[in-house]
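Enquirer: give me a model of this one.
(one chain, ligands or ions: 1)
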Amino acid sequence: MAYQTINPYTNEVEQTFENTTDEELEQTLATAHQLYLEWRRDNKLEERKRVILNLGRLLRERREEYAAIMTRDMGKLIGEAEGEVDLCASFCDYYVANADQFLAPEIIATTSGRAKVIKQSLGTLVAVEPWNFPFYQIARVFIPNFIVGNPMILKDASNCPASAQAFADAVKEAGAPAGSLTNLFLSYDQVNRAIADKRVAGVCLTGSERGGATVAKEAGANLKKNTMELGGNDAFIILDDADWDLVEKVAPAARLYNAGQVCTSSKRFIVLEKDYDHFLEIMKDAFSKVKMGDPLDPSTTLAPLSSKKAKEKLQGQVDLAVANGAKVYYGNQPVALAGQFFMPTILTDITPANPLFDTEMFGPVASVYKVKSEEEAIELANNSSYGLGNTVFSQNYEHAERVAAQIETGMSWINAGWASLPELPFGGVKNSGYGRELSSYGIEEFMNKHLIYEARQ
Ligand code: NAP
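Expert: Alright, predicted model coming up:
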């Protein structure tokens, strides 16, 4: 497997990285395990907090540099990449500020004696991460686990190796001891061997269902704790009492941000019959105004997709949807640019029999559905194998919350597009995976909640 930066705007191979040898993997496992043992003996939380503070400072100082590395790797707009670096820095602030509280022992109320739960690290983790947010995906698993004291071996996506290495280098420069975060260019087979290794305690993966199922199988076979952050087909439900000025402002961006390559992008827009034509016009108007071009140019508003493969896959999905009766309301035309651009596209008339009805489309393609009632909207939103997030629009908060609570997802956003903040738990249900990242929930995933108990004599 080749780890390469192939700039999706120019199609040029900018950098190629050597695959990790088995000896390097073995050395990394040994170093990480020693570090885990050292942290178990002598907690060193204060030292780790200082490292994370330094990391936050480095991220802020070098936001432009890091953002450009991500843009070259996978094509995202430079402004969005800078926002991503800022968000990662905010994770540093959050976990340092809350570390003592998250790791404080919990006294258990019992009349039978005295009991408490102490919060301990679990061991070395393997992190398998995707390319769509090259820094953010690493940051949201690395920072909390480093605070806990779990060393991490990173296997990042093969198409954003420069970003993964830049993040790992920043961690080292921030003062983290060797073994804290090691970025390796591993084959799938080496990932499996690392998961099976006795020195590895768990694995976290963000990626597709296919990748997740394979890695989770290996983790299961070796009884390793794992978390899976997988795909989504999020609904965007516009209720009868929605604020349409807000809908107009939010809906197009909820689909087009990061060129539509977000697990929590709104992908299925569910609209009442009476509002359907109006909504289609709003989306078409916004989609027709995007400016495709160099993602390093701040005036560009729609980035290329991450790779040739990603573009071909999306085109195949749209073609299949159309072959099965979907109608193209807007878009689906070739783009006269060399990069991996995909014209923003609006599909309608996708029936449950269409193979794309229950498939995630990772790019700027909005599927719009017409329903007769709120009940039908809820039913349609839930008619999905996925359960990551959803969005509900209503000017009546209680109404929106009532509807949101009926959707089988891990997250619901009201009157806004999807969001990720350090204090908000992130994760899904159904085929969108299990476990949570970020917030207090995220830091607990790979924590040994160790009971210490003395019975009354
Ligand atoms: P992917 O193909 O599953 O790749 C994700 C990562 O898993 C990459 O590092 C990939 O390595 C690795 N991988 C895949 N199969 C593997 C295997 N059998 N053994 C070991 N490693 C393996 O996912 P993707 O299509 O690039 O990423 C987009 C997907 O991620 C979408 O479905 C999106 O919704 C989801 N996602 C979910 C969340 C969330 O929080 N729920 C967030 C972001 C993205 P290679 O690159 O070398 O193949």
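
Enquirer: show me the chain divided up by domain.
Expert: Residue ranges for the structural domains of the chain, counted by the TED database, are given in the record as 3-230+430-455, 235-414.

Enquirer: and those domains as TSV, adding distance to residue 420, mean pLDDT and mean neighbour count?
Expert: For the C-beta atoms, the positions are set from N, CA and C on the backbone; glycine is no exception. Below are these laid out as TSV (distance: least, C-beta to C-beta, whole Å; pLDDT from 0 to 100; neighbours: other C-beta atoms under 10 Å):
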stretch	distance to residue 420	mean pLDDT	mean neighbour count
domain 3-230+430-455	7	98	19
domain 235-414	8	98	19
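
Enquirer: let's have these in TSV, adding distance to the ligand.
Expert: Output for the domains of the chain, formatted as TSV (distance: least, C-beta to the nearest ligand atom, whole Å):
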stretch	distance to the ligand
domain 3-230+430-455	2
domain 235-414	3
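
Enquirer: what's the offset of stretch 356-370 from the middle of its chain?
Expert: Stretch 356-370 sits 18 Å away from the centroid of its parent chain (C-alpha atoms, centre = their mean, to the nearest Å).

Enquirer: need the distance between the two termini of it.
Expert: Its first and final residues considered, stretch 356-370 spans 16 Å by C-alpha to C-alpha, to the nearest Å.

Enquirer: try stretch 181-190
Expert: Length of stretch 181-190, first residue to last, C-alpha to C-alpha: 17 Å.

Enquirer: contacting residues around it?
Expert: By C-beta atoms under 8 Å, 6 or more residues apart in numbering, the list of residues contacting stretch 181-190 from outside reads 1, 3, 17-20, 22, 24-25, 28, 31-32, 138, 142, 146, 151-156, 158, 161, 164-165, 167-168, 171-172, 194, 214.

Enquirer: now, those residues that are in helices?
Expert: Cross-referencing those with the helices (criterion: DSSP state H) gives 22, 24-25, 28, 31-32, 138, 142, 146, 161, 164-165, 167-168, 171-172, 194, 214 as the overlap.

Enquirer: returning to that earlier point: quick one: which of the domains of the chain is nearest residue 424?
Expert: Taking C-beta to C-beta, domain 3-230+430-455 is the member of the domains of the chain nearest to residue 424, at 5.9 Å.

Enquirer: quick one, strands of the stretch 351-457 of the chain?
Expert: Remark: strands assigned in the stretch 351-457 of the chain by DSSP state E, counting those that start in this stretch are 365-371, 386-387, 389-393, 411-414, 429-430, 433-434, 447-455.

Enquirer: redo the ones you listed as JSON lines? Include distance to residue 10.
Expert: Supplementary listing: those in JSON lines, determined by distance: least, C-beta to C-beta, whole Å:
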{"stretch": "strand 365-371", "distance to residue 10": "24"}
{"stretch": "strand 386-387", "distance to residue 10": "34"}
{"stretch": "strand 389-393", "distance to residue 10": "33"}
{"stretch": "strand 411-414", "distance to residue 10": "35"}
{"stretch": "strand 429-430", "distance to residue 10": "39"}
{"stretch": "strand 433-434", "distance to residue 10": "34"}
{"stretch": "strand 447-455", "distance to residue 10": "44"}
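
Enquirer: out of the ones you listed, flag the one nearest residue 112.
Expert: Of all the strands of the stretch 351-457 of the chain, the one in closest proximity to residue 112, counting by C-beta to C-beta, is strand 447-455 (6.1 Å).

Enquirer: go ahead and name everything in contact with stretch 32-52.
Expert: Outside stretch 32-52, the residues that touch it by C-beta under 8 Å, 6+ apart are 92, 95-96, 99-100, 103, 120-121, 123-124, 143, 146-147, 149-153, 171, 174-180, 182, 199.

Enquirer: 6 Å instead, please
Expert: By C-beta atoms under 6 Å, 6 or more residues apart in numbering, the surrounding residues in contact with stretch 32-52 are 92, 96, 99, 123-124, 146-147, 149, 151, 174-177, 179, 199.

Enquirer: now do the end-to-end distance for that stretch.
Expert: Its start and end residues considered, stretch 32-52 measures 18 Å (C-alpha to C-alpha).

Enquirer: stretch 234-246 too?
Expert: Counting by C-alpha to C-alpha: the opening and closing residues of stretch 234-246 are 19 Å apart.

Enquirer: quick one: contacts of stretch 57-69?
Expert: 78, 81-82, 85, 88-89, 162-163, 166, 170, 174.

Enquirer: before we move on, what about stretch 404-414?
Expert: Applying C-beta under 6 Å, 6+ apart, the contact partners of stretch 404-414 are 378, 381-382, 387-392, 400, 427-429.

Enquirer: how about stretch 363-380?
Expert: Among residues not part of stretch 363-380, those counted as contacts by C-beta under 6 Å, 6+ apart are 237, 255-256, 259-260, 268-270, 273, 276, 283, 305, 314, 342, 344-348, 350, 406.

Enquirer: and that stretch, how far out from the chain's middle?
Expert: Put simply, stretch 363-380 sits 24 Å off its chain's centre (C-alpha atoms, centre = their mean).

Enquirer: check stretch 68-75 too.
Expert: Worked out by C-alpha atoms, centre = their mean, stretch 68-75 lies 17 Å from the chain centre.

Enquirer: before we move on, the earlier item: nearest to residue 294, out of the strands of the stretch 351-457 of the chain?
Expert: Go through the strands of the stretch 351-457 of the chain one by one with C-beta to C-beta and the one that ends up closest to residue 294 is strand 365-371, at 22.5 Å.

Enquirer: ok, the closest one: who's next to it in the sheet?
Expert: On the basis of DSSP bridges, the sheet neighbours of strand 365-371 come out as strand 266-272 (parallel), strand 345-348 (parallel).

Enquirer: packing partners for whichever helix or strand comes after the longest one?
Expert: The one in question is strand 266-272. Proceeding C-terminally, strand 266-272 gives way to helix 276-287 as the next helix or strand, assigned by DSSP states H and E. Contacts defined by 3 or more C-beta pairs under 6 Å, 6 or more residues apart in numbering; DSSP states H and E place helix 276-287 against strand 327-330.

Enquirer: in CSV, list the C-alpha atoms belonging to the strand it packs on.
Expert: Once side chains and other backbone atoms are set aside, the C-alpha atoms of strand 327-330 remain, and they are given as CSV (Å, rounded to 0.1, in the frame of the first residue of the first chain):
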residue,chain,number,x,y,z
LYS,A,327,-34.2,12.3,-10.9
VAL,A,328,-31.4,14.9,-11.2
TYR,A,329,-33.0,18.2,-10.1
TYR,A,330,-29.7,20.0,-10.5
